[in-house]
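Chemist: Got a predicted structure here, sequence first:
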Amino acid sequence: MNVYQKFGLRKIVNGSGKMTVLGASAVQAEIAQAVSEATMDYVLIEELMETAGRKIAEATGAEDGCPTAGAAPGIAIAIAAAITGKNLTLIERMPNSEGLKNEIILQKGHSVHFGAPIAQMITLGGGKVVEVGQANHVERCHIEQAITDKTAALFYIKSHHAVQKGMQSIETMAAIAKERNIPFIIDAAAEGDFKKYFSKGADLVVYSGGKALEGPTSGFICGKTELIQACRKQYKGIGRAMKVGKESIIGLMTALELYDKKTDDSKSQIERMTWLINQFNAVSGIQGEIVQDEAGRPIYRAELTIDAKVIGKDAFAIIKELEAGNPAIYTRNYYANLGKISIDPRPLLPGQEELIAAKIKKIISNK
């Protein structure tokens with residue numbers, strides 16, 4: 001019995017991914033031990049924040065870093081920093097940015113919902129969203145023509161949630177930002193390459209600490225010194241309402257130390273998901289294939305396509321039954337309307353793919 005079951009909660013089999021609604025990541029024992037020790041002692045938070053900043057800089061190749069309570073707070077803090085700089089009077093005004101340079105340029109295909117609207121996180125930081133182009137088509141001139149003397153930053157979303165084609169590239173946005181001397185911010189919440197986006201020209205990059213990094217619920221911003229100092233100073237303003245605890249910072253730093261030792265598990269992912277797909281070779285109405293993550297990350301999921309006419313149930317009905325049990329099985333369901341159910345191998349404990357295969361077979365046999 002785990003600690004959640006002790007309090008009457010159902011056991012979860014997570015085949016969905018590093019999802020906030022499922023608790024993001026289950027951390028390694030070394031991280032859990034560091035978090036536990038941090039909760040039982042005191043520390044000067046300002047020193048801890050600066051030490052964490054150096055650790056983040058070391059891990060990302062950026063000039064400095066700022067720990068946050070998650071990627072979403074990181075967006076709000078980064079936006080506020082771009083608007084206020086280190087001016088305490090302005091910091092204490094946020095999110096009231098009336099009369100300041102507060103416009104944040106966002107490609108329309110990047111104005112997405114990740115569990116909450118991206119635009120709302122920008123607004124929390126005092127930003128006024130300026131969407132440019134169309135949902136599936138943005139040209140360089142759309143961005144350039146939207147820049148005014150009120151523009152505070154260009155903002156790019158690197159996420160599977162965002163439209164993957166028809167948008168302007170990071171390189172193009174970085175070049176425009178550099179030409180116009182405007183901060184360029186990237187939300188790379190679930191990305192696992194912590195050096196890539198700063199090296200591509202971003203001034204600030206926002207990451208989750210609980211997703212690819214597999215740390216506790218936390219996040220961080222890395223970037224240029226002046227802006228990162230402005231980010232940390234936001235904890236005297238809006239950051240206070242979204243502060244990150246000492247134990248989460250220590251867990252984040254420990255996860256960053258362990259991350260370099262992590263090995264590529266693509267082969268294991270493919271093997272486990274191939275095994276899962278093969279369990280349905282003799283089942284009429286289910287076709288399986290291995291599909292790489294749509295954002296290009298080294299994640300290889302099993303995608304099962306359900307033929308409702310043959311099975312007698314559509315993907316939504318199967319998903320509903322999977323989630324209703326105990327253990328409750330959660331799959332990745334972004335394309336359930338197309339009859340597709342995906343299983344992400346990363347959060348599965350050893351052998352849980354067997355449980356998923358058996359449960360789906362049982363569901364489709366009970367028509």
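Modeler: It's in.
Chemist: Strands of the stretch 51-200 of the chain, residue ranges please.
Modeler: Applying DSSP state E, counting those that start in this stretch to the stretch 51-200 of the chain gives strands spanning 64-68, 103-107, 128-132, 151-157, 184-187.
Chemist: Present these as JSON lines; the columns should include mean neighbour count and mean pLDDT.
Modeler: (Each C-beta comes from the backbone N, C-alpha and C, glycine too.) Compiled in JSON lines, the strands of the stretch 51-200 of the chain are given as follows (neighbours: other C-beta atoms under 10 Å; pLDDT from 0 to 100):
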{"stretch": "strand 64-68", "mean neighbour count": "28", "mean pLDDT": "98"}
{"stretch": "strand 103-107", "mean neighbour count": "24", "mean pLDDT": "98"}
{"stretch": "strand 128-132", "mean neighbour count": "19", "mean pLDDT": "98"}
{"stretch": "strand 151-157", "mean neighbour count": "26", "mean pLDDT": "97"}
{"stretch": "strand 184-187", "mean neighbour count": "28", "mean pLDDT": "98"}
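Chemist: Let me have those in JSON lines, extended by distance to Gly17.
Modeler: As requested, these are arranged in JSON lines below (distance: least, C-beta to C-beta, whole Å):
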{"stretch": "strand 64-68", "distance to Gly17": "21"}
{"stretch": "strand 103-107", "distance to Gly17": "24"}
{"stretch": "strand 128-132", "distance to Gly17": "27"}
{"stretch": "strand 151-157", "distance to Gly17": "17"}
{"stretch": "strand 184-187", "distance to Gly17": "17"}
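Chemist: among those strands, which is nearest Ile286?
Modeler: With C-beta to C-beta as the measure, strand 151-157 is the member of these nearest Ile286 (33.6 Å).
Chemist: Against which helices or strands is that closest one packed?
Modeler: When contacts are defined as 3 or more C-beta pairs under 8 Å, 6 or more residues apart in numbering; DSSP states H and E, strand 151-157 sits against helix 71-84, strand 103-107, helix 170-180, strand 184-187.
Chemist: need the ones you listed in TSV with distance to Gly296, can you?
Modeler: As requested, the helices and strands packed on strand 151-157 are arranged in TSV below (distance: least, C-beta to C-beta, whole Å):
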stretch	distance to Gly296
helix 71-84	19
strand 103-107	18
helix 170-180	12
strand 184-187	15
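Chemist: Quick one, which of these gets closest to Thr254.
Modeler: helix 71-84 (18.6 Å).
Chemist: Now do that closest one against strand 128-132: the angle between them, please.
Modeler: Helix 71-84 runs at 100 degrees relative to strand 128-132, counting by axes from the mean of the first three to the mean of the last three C-alpha atoms, to 10 degrees.
Chemist: just checking, what packs against helix 71-84?
Modeler: On a contact count with 3+ C-beta pairs under 8 Å, 6+ apart, helix 71-84 meets strand 64-68, helix 88-91, helix 118-124, strand 151-157, strand 184-187, strand 204-208, strand 219-223, helix 225-233.
Chemist: got these as JSON lines, with distance to Trp275 columns?
Modeler: Formatted as JSON lines, these follow (distance: least, C-beta to C-beta, whole Å):
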{"stretch": "strand 64-68", "distance to Trp275": "38"}
{"stretch": "helix 88-91", "distance to Trp275": "53"}
{"stretch": "helix 118-124", "distance to Trp275": "37"}
{"stretch": "strand 151-157", "distance to Trp275": "34"}
{"stretch": "strand 184-187", "distance to Trp275": "35"}
{"stretch": "strand 204-208", "distance to Trp275": "29"}
{"stretch": "strand 219-223", "distance to Trp275": "34"}
{"stretch": "helix 225-233", "distance to Trp275": "44"}
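Chemist: Which among the ones you listed is found nearest to Ile363?
Modeler: Proximity to Ile363 (C-beta to C-beta) singles out strand 204-208 among the helices and strands packed on helix 71-84, at 32.3 Å.
Chemist: before we move on, the earlier item: can you say which of the helices and strands packed on helix 71-84 is nearest to Asp307?
Modeler: Comparing the helices and strands packed on helix 71-84 against Asp307 with C-beta to C-beta, the closest turns out to be strand 151-157 (34.4 Å).
Chemist: Quick one: residues contacting Gly109.
Modeler: Gly109 makes contact with Gly133, Gln134, Ala135, Asn136, Val138, Ala162, Val163, Gly166, Met167, according to C-beta atoms under 8 Å, 6 or more residues apart in numbering.
Chemist: Of those, keep whichever come out buried.
Modeler: Gly133, Val138, Ala162, Val163, Met167 (16 or more other C-beta atoms under 10 Å).
Chemist: Outside of stretch 114-131 itself, list whatever touches it.
Modeler: Outside stretch 114-131, the residues touching it (C-beta under 8 Å, 6+ apart) are 20-21, 72, 75-80, 82-84, 93-97, 100, 102-108, 110-112, 146, 150-153, 155, 157, 159, 161, 187, 189, 238.
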